[in-house]
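Asker: Any chance you can model this:
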Amino acid sequence: MRKFRWGILGAGFAARKFVLGLRAAKDAEAVLAASRSLGKAREFAAALGITRSAGSYADAVRDVEVDAFYLATPPSTHRDLALHCLNAGKPVLVEKPFAQDAAAARDIVQAARARSVFCMEAMWTRFLPLVRRVKRMIEEGAAGEVRMFTGSFCTAEAVHPDSHVFSPQLGGGATLDRAVYPLSLAFHLLGRPEEITSRALIGGTDVDEDVAILLRYARGPLALIHASLRTQGSNDCVIMGTRAQIRVHAPIYRPFRMTITPIRALERTGKRASRMEAVRESHWVHAAYQRLDRIAAAMLGLSGISRDEYYAGNGYHYEAEEVMACVREGRLESAIMPLDQSLQIVEAMDSIRAQWGMHRRQDSPPALGA
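Answerer: Numbering: from 1, shown residues only. Okay, the predicted model is just below:
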């Protein structure tokens, strides 16, 4: 089987990580790098061992030797570039967030389905071994009835107005750049929420720098998500069920460790205290608990079991292998990251931003090269 040939649209941080990640993939290689600047495309290609480069996205998508494109440009350009790939009959992996707003996302989904061309959002976290295991555990009832979910992605960045994360025109802000990770994870594990409530702090460049989101589900669970561009958070995820708590350890975007803690419901029957309860509530046990944290937690039945699921390479190749498998098998969508859910997540982010008056579709900068 010949290698699957990738074209890379964009020459920034995500594009570099993806190309480096492809080295861990089976039968895959990056063969073309494209940017709006030929000099930047050539520099990117030379640094990463890519043989060909293009200074125009329009030229790049016409390349007959590319099997699929990875789109790693700012969110404001996703619609135009994805449509260009799809109109040329080229499968495309669109970096998260899938689009800057729901109208743009719908255009991409409709084009992919109308032209019968594969398209998927590059939410790479979903394809990591640990996340796939957590998904199976929840479906099999390991946590019991899920009652609560918390997730955060907060990392402090120096404010640079020319950076896309601080630019409303380029699709910046904590919601689109950070909250999309725990939000997508909540959709993946719990489904589509019935109600969304949000509050945000807007910074000097007119993007949301801090955001808190509450999701309510019809069947009961509540999910709390927070994201920030200006401070550091725990950057983990906790699924709380009636049988167990599952903590997905940081970083939420590339986890490899979880802790499973059994849930023991308290019985308040008014009966006489047992001897074991008396021991557990004694001064000596609590003194030990405060000084010998882990040992005492085990004595009190509070400690969990840690399990690791290691990823290969830098973790980016898993999403690439999903695209490759789908394209080779003639599938037009991924069951793990379906287009309908990508659209629902962007619709949710529209609703979130509308609640604090910041959602408005910006004029996109030119996406295609000359």
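Asker: Every contact and neighbour count from this point should use C-alpha atoms.
Answerer: OK.
Asker: can I see the domain layout of the protein?
Answerer: Per the record, the chain has its domains at 4-126+314-331, 129-264, by automatic domain parsing.
Asker: Report the mean confidence score over the last one.
Answerer: Meaning domain 129-264. Regarding domain 129-264, the rounded mean pLDDT is 96.
Asker: And it, end to end?
Answerer: 28 Å (C-alpha to C-alpha, to the nearest Å).
Asker: again, but for stretch 140-154
Answerer: Using C-alpha to C-alpha, one end of stretch 140-154 lies 31 Å from the other.
Asker: Tell me the buried residues in that stretch?
Answerer: Burial within stretch 140-154, assessed by neighbour count using 16 or more other C-alpha atoms under 10 Å, is assigned to 142-154.
Asker: Redo these as CSV? Include secondary structure and distance to Ser116.
Answerer: Below are those laid out as CSV (DSSP: H, G, I helix; E, B strand; the rest coil; distance: C-alpha to C-alpha, whole Å):
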residue, secondary structure, distance to Ser116
Ala142, coil, 38
Ala143, coil, 39
Gly144, coil, 39
Glu145, coil, 39
Val146, strand, 37
Arg147, strand, 39
Met148, strand, 38
Phe149, strand, 36
Thr150, strand, 37
Gly151, strand, 35
Ser152, strand, 36
Phe153, strand, 35
Cys154, strand, 38
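Asker: Can you report how many residues neighbour Ile239?
Answerer: Number of residues near Ile239 (other C-alpha atoms under 10 Å) recorded here: 24.
Asker: What strand or helix carries it?
Answerer: Per DSSP states H and E: Ile239 is located in strand 237-241.
Asker: was I right about Val159 contacting Gly172?
Answerer: No - in this structure, Val159 is not within contact of Gly172 by C-alpha atoms under 8 Å, at 11.8 Å.
Asker: Give me the more crowded residue out of the two.
Answerer: The residue with more neighbours, out of Val159 and Gly172, is Gly172; 24 against 15, by other C-alpha under 10 Å.
Asker: So that one is in contact with His164, correct?
Answerer: Yes - with contact defined as C-alpha under 8 Å, Gly172 and His164 form a contacting pair (5.5 Å).
Asker: any chance you could map the strands in this protein?
Answerer: Along the chain, the segments classed as strands by DSSP state E run 4-9, 28-34, 52-54, 68-71, 92-95, 119-122, 146-154, 195-202, 208-216, 222-228, 237-241, 244-248, 257-262, 305-308.
Asker: what pairs with the fifth one, and is each one parallel or antiparallel?
Answerer: Spelled out, it's strand 92-95. Strand pairing for strand 92-95, determined by DSSP bridges: strand 68-71 (parallel), strand 119-122 (parallel).
Asker: Now render those strands as TSV, adding mean neighbour count, mean pLDDT and distance to Arg133.
Answerer: Below are the strands paired with strand 92-95 laid out as TSV (neighbours: other C-alpha atoms under 10 Å; pLDDT from 0 to 100; distance: least, C-alpha to C-alpha, whole Å):
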stretch	mean neighbour count	mean pLDDT	distance to Arg133
strand 68-71	26	98	26
strand 119-122	27	98	19
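Asker: Counting neighbours, what do you get for Ser163?
Answerer: For Ser163, using other C-alpha under 10 Å, the count is 11.
Asker: ok, now the one 3 residues further on?
Answerer: Phe166 is surrounded by 26 other residues when neighbours are defined as other C-alpha under 10 Å.
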